[in-house]
Every structure is written in C-alpha cells, then in structure tokens.
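K.L.:
below is the structure, and that's it, no one-letter string:
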C-alpha cells in the first residue's frame, strides 16, 4: 500500500558538504534520482543535478543559500521524497520531510533521513528555540530592579523636594508619563536589538558550504565570545565568592 510519511523539525541546523552527501546517498539508494534546488538571497532559485555540483557552489554572501529542497524520484514514478532545509516563513517548520512510497519503504527512508537531521543541531539550538522576547523581558526586568534598588532613595527625595517646592500634581503626572515612555522605548530597543543579534549570530538555518563555511567559522568565534566571556566572568566571581566563605 502506498503511503505518505511526513516529519517536521523546528530546531536550528548547520549543514556541511558531508551532510548533503549523506542525504543524497540515502535518497538515491532508497528512492532514485536526486536533484537539488536552492533558494538564494539574491532572489534566484538555482538547480543542481548532483550533490557534487551543489557542494562546489561558491555560496558567496550576495548569492548565499536561504533554503535547499532535495527531491528524489524513481524511474517508474511509484516513489518520491522531498527534504526542505530552511524556510523564511515563521509558521512553517525549519525542516520538512515528505516521503511517498510503499509503507515499508516510506518508513525506512523517513527513519534514515531523520537520523541525519537530528545530527544537524548546533550547540546553540536550545537557545535559538527560546523566545527572545521573553529573554529580553527577563533582562529588562533585572536591569530595572537593579536600577530601582540603587536609585529609589534618590527618587523619593526628589519627589519630596518637588512636592515641598510647590510642584503641582499635574506636573508630577507629566513627569511620570515621560519617564514611563522612556522605559518603554528602551524596552522596545532592547527587544529589537536582541532579535537582530539572535537572527544574525544564532541563525536557524546555516549552510556551511563553500564560502559559507568561512562565514560560519567567523560567527562561531563571535558566538563563543558572547557566551564565553560572561560565563568566564560569572565562574570567576562564583569561585572567589566561595573562597571568601572559607
């Protein structure tokens, strides 16, 4: 009986040339002829007849891959499979696999490809899956609480001073609204900047092929700097704090 076996993955991924070769090997063995179509940042979709041609693509930044569709079909049209790596639409899974074939073959192919896909997860995948809006709110609340702890006494004294000097309630309301507007504007800028940072240095789709490998290695150093420096400072602080207790 012919069936359709599907599976979706919404985690981040990093694809290198060897991964493309592994997918090609499975699909060509289980299904048949494999072709590739890449959607690039310059708005052009490029077709590749073999994985050798694909991995030799220069993948320059101005023509870099956004997504790759890997399609396999047998000669008789009885079996087919499509693996989509990457998407620009938030409501679609980042990786999608569809296999149409006899049930036993469809299950086998889906399982073999899924094993490859799971291994594509980068180390930052759990962080990338987290909602950066919530992360930004947590950071903002921590900063707000810290600033409040250190400035509340000054703020109380300033309010008492303005009240004793005859400042009207209407003016105090205007000042409060202004300060609130500034905090909201800072919150928006924080979330916007955090979103840009996450999208740039923690991408959901990374094709480390051709010159894309150089870009990925450069970004990897930046990523470890973003995580490594604060982690090192925290570790040093924790060690010194523990030593001070004994």
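P.N.:
Done, it's in. Remember, predicted model here, so these are calculated numbers, not experimental data. Numbering: from 1, shown residues only.

K.L.:
contact partners for the residue nearest the centre of the chain?
P.N.:
Geometric centre of the chain, nearest residue: residue 204, 3.3 Å, by CA atoms, centre = their mean. When contacts are counted by CB atoms under 8 Å, 6 or more residues apart in numbering, residue 204 touches 11, 12, 13, 86, 94, 128. (Each C-beta comes from the backbone N, C-alpha and C, glycine too.)

K.L.:
which of the helices or strands spans residue 77?
P.N.:
Here residue 77, judged by DSSP states H and E, is contained in no helix and no strand.

K.L.:
on that earlier part again, narrow the contacts of residue 204 to those in helices?
P.N.:
Mapping these onto helices (DSSP state H) picks out residue 128.

K.L.:
in JSON lines: the contacts of residue 204, plus distance to residue 73 and neighbour count.
P.N.:
Shown next, in JSON lines, are the contacts of residue 204 (distance: CB to CB, whole Å; neighbours: other CB atoms under 10 Å):
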{"residue": "11", "distance to residue 73": "28", "neighbour count": "17"}
{"residue": "12", "distance to residue 73": "29", "neighbour count": "22"}
{"residue": "13", "distance to residue 73": "24", "neighbour count": "23"}
{"residue": "86", "distance to residue 73": "22", "neighbour count": "22"}
{"residue": "94", "distance to residue 73": "24", "neighbour count": "21"}
{"residue": "128", "distance to residue 73": "33", "neighbour count": "18"}
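
K.L.:
among the contacts of residue 204, which two are most distant?
P.N.:
Farthest-apart pair in these is 86 and 128; separation 13.3 Å (CB to CB).

K.L.:
nearest to residue 60 among the contacts of residue 204?
P.N.:
Proximity of the contacts of residue 204 to residue 60 (CB to CB) peaks at residue 86, which lies at 17.4 Å.

K.L.:
hang on, that closest one packs against residue 205?
P.N.:
Yes. Contact between residue 86 and residue 205 holds when scored by CB atoms under 8 Å: they sit 3.6 Å apart.
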